[in-house]
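Asks: Sequence first, predicted coordinates after that:
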Amino acid sequence: MSVHKLKPPSPEEQVIREELTDCYHLAAKMGWTDSIFTHFTARVPGEEAFLINAFGLNFEEVTPANLVKVTLEGDVISPEGSFINKAGYTLHSAIHEARPEVNCILHTHTPHGVALSMLEDGLGVYSQHSCRFYQRIAYHEYSGILFDHSEKNRLITSLGDRDTLILRNHGLVTMGETIGDAFFVMYNLEHSARTQLMAMATGQKLTQITPDVAGYTSNQMNHSNHYVIDDLAWQAFRRWLTLDKNSLTSNK
């Protein structure tokens with residue numbers, strides 16, 4: 001990967017940098033981290049490039065300034081000398097290239113997400129939260145760490161036109177037109193995984209929501225106005241983060 005000279009971000013890019021930073025900090029606050037090994041990206045407005053965390057940083061250490069801008073071809077634009085997770089580049093660049101409507105991608109290795117990815121039947125329709133994903137999840141078979149760029153075609157074939165991808169024996173991927181959309185989809189997916197596994201742990205038979213009700217509820221949740229609702233939730237999450245920071249400051 002070659003490195004380009006540093007160029008100040010545009011005002012539009014700066015907004016995305018600040019939002020993506022909040023996304024990382026919220027994920028850390030919610031326990032969605034796996035040391036330095038997972039990654040979120042956001043497309044840079046008007047450029048064939050995206051922003052990703054520098055490899056080696058904790059999510060809490062991500063700032064608008066240290067997010068790495070990388071081209072779809074893998075060239076680091078800024079900050080100079082930055083390194084990114086190679087497997088993360090493979091995953092995110094594949095989706096950003098193939099799905100121009102996707103502006104943000106989140107990938108996690110949470111215990112509940114990885115456990116769900118190990119289940120042969122994957123996510124069931126057992127809760128209201130899980131109805132959002134009825135017939136909307138893609139699965140990708142595990143074939144090792146995503147270092148090989150030839151894996152991109154397999155990933156995109158597995159994903160198709162869906163906005164949620166479960167990487168078998170690996171973890172979860174969500175995406176959206178906005179950072180808030182991708183975050184809220186991950187929130188719902190993580191909630192669905194956690195509650196399903198908790199219910200399965202009781203050893204009792206689980207009650208599956210019927211296909212007609214699941215389909216109806218999915219349509220309600222994925223209606224065109226869901227972007228407005230997702231944005232309301234996203235702004236509430238960001239205020240929660242700000243309130244927490246203000247509380248820490250006031251207690252010093």
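Replies: Sure, I can see it. Numbers count the residues shown, from 1 in each chain.
Asks: Next, name the residue at the spatial heart of the protein.
Replies: For the chain, L106 is the residue whose C-alpha lies nearest the centre (CA atoms, centre = their mean; 1.4 Å).
Asks: Could you look up the SS state of it?
Replies: Applying DSSP: H, G, I helix; E, B strand; the rest coil to L106 yields a three-state assignment of strand.
Asks: where does it land on pLDDT?
Replies: Reading off the confidence values, L106 has pLDDT 99.
Asks: Contact partners for it?
Replies: Residues near L106 by CB atoms under 8 Å, 6 or more residues apart in numbering: 23, 27, 40, 172-175, 182-183, 186. Backbone N, C-alpha and C define where each C-beta goes, glycine included.
Asks: So which of those are in strands?
Replies: Judged by DSSP state E, the subset of those located in strands is 40, 172-175.
Asks: between those residues, which is nearest D212?
Replies: Of all the ones in strands among the contacts of L106, T174 has the smallest distance to D212: 25.7 Å, by CB to CB.
Asks: Hmm, G180 and that closest one touching each other?
Replies: No - judged on CB atoms under 8 Å, T174 makes no contact with G180 at a distance of 11.6 Å.
Asks: Quick check: T90 is in a helix.
Replies: Yes - T90 forms part of a helix when assessed by three-state DSSP.
Asks: residue contacts, it?
Replies: Going by CB under 8 Å, 6+ apart, T90 touches 146-149, 151-152, 155.
Asks: Mind giving me the ChimeraX select for those, buried ones only?
Replies: The buried residues among the contacts of T90 can be selected in ChimeraX (16 or more other CB atoms under 10 Å) with this line:
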select :146,151,152,155
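Asks: JSON lines for the contacts of T90, including secondary structure and distance to F83?
Replies: Converted to JSON lines, the contacts of T90 look like this (DSSP: H, G, I helix; E, B strand; the rest coil; distance: CB to CB, whole Å):
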{"residue": "L146", "secondary structure": "coil", "distance to F83": "16"}
{"residue": "F147", "secondary structure": "coil", "distance to F83": "14"}
{"residue": "D148", "secondary structure": "coil", "distance to F83": "19"}
{"residue": "H149", "secondary structure": "coil", "distance to F83": "17"}
{"residue": "E151", "secondary structure": "helix", "distance to F83": "20"}
{"residue": "K152", "secondary structure": "helix", "distance to F83": "20"}
{"residue": "L155", "secondary structure": "helix", "distance to F83": "22"}
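Asks: Just give me the longest helix of the chain.
Replies: Criterion DSSP state H: the longest helix present in the chain is helix 226-250.
Asks: so how many other residues sit close to A28?
Replies: 16 (other CB atoms under 10 Å).
Asks: Distance check, it against H112.
Replies: Look at A28 and H112: by CB to CB, to the nearest Å, they are 16 Å apart.
Asks: Export the contacts of L106 to CSV and append columns for neighbour count.
Replies: Formatted as CSV, the contacts of L106 follow (neighbours: other CB atoms under 10 Å):
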residue, neighbour count
C23, 26
A27, 23
F40, 28
L172, 27
V173, 26
T174, 24
M175, 25
A182, 27
F183, 28
M186, 26
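Asks: Pick the one among those residues closest to P64.
Replies: Scanning the contacts of L106 for proximity to P64, where the rule is CB to CB, the winner is C23, at 11.5 Å.
Asks: The closest one against D181, yeah?
Replies: No - with contacts counted by CB under 8 Å, C23 stays clear of D181, the gap being 11.1 Å.
Asks: in stretch 196-212, what counts as buried?
Replies: Buried positions in stretch 196-212, judged by neighbour count with 16+ other CB under 10 Å: 196, 199, 209.
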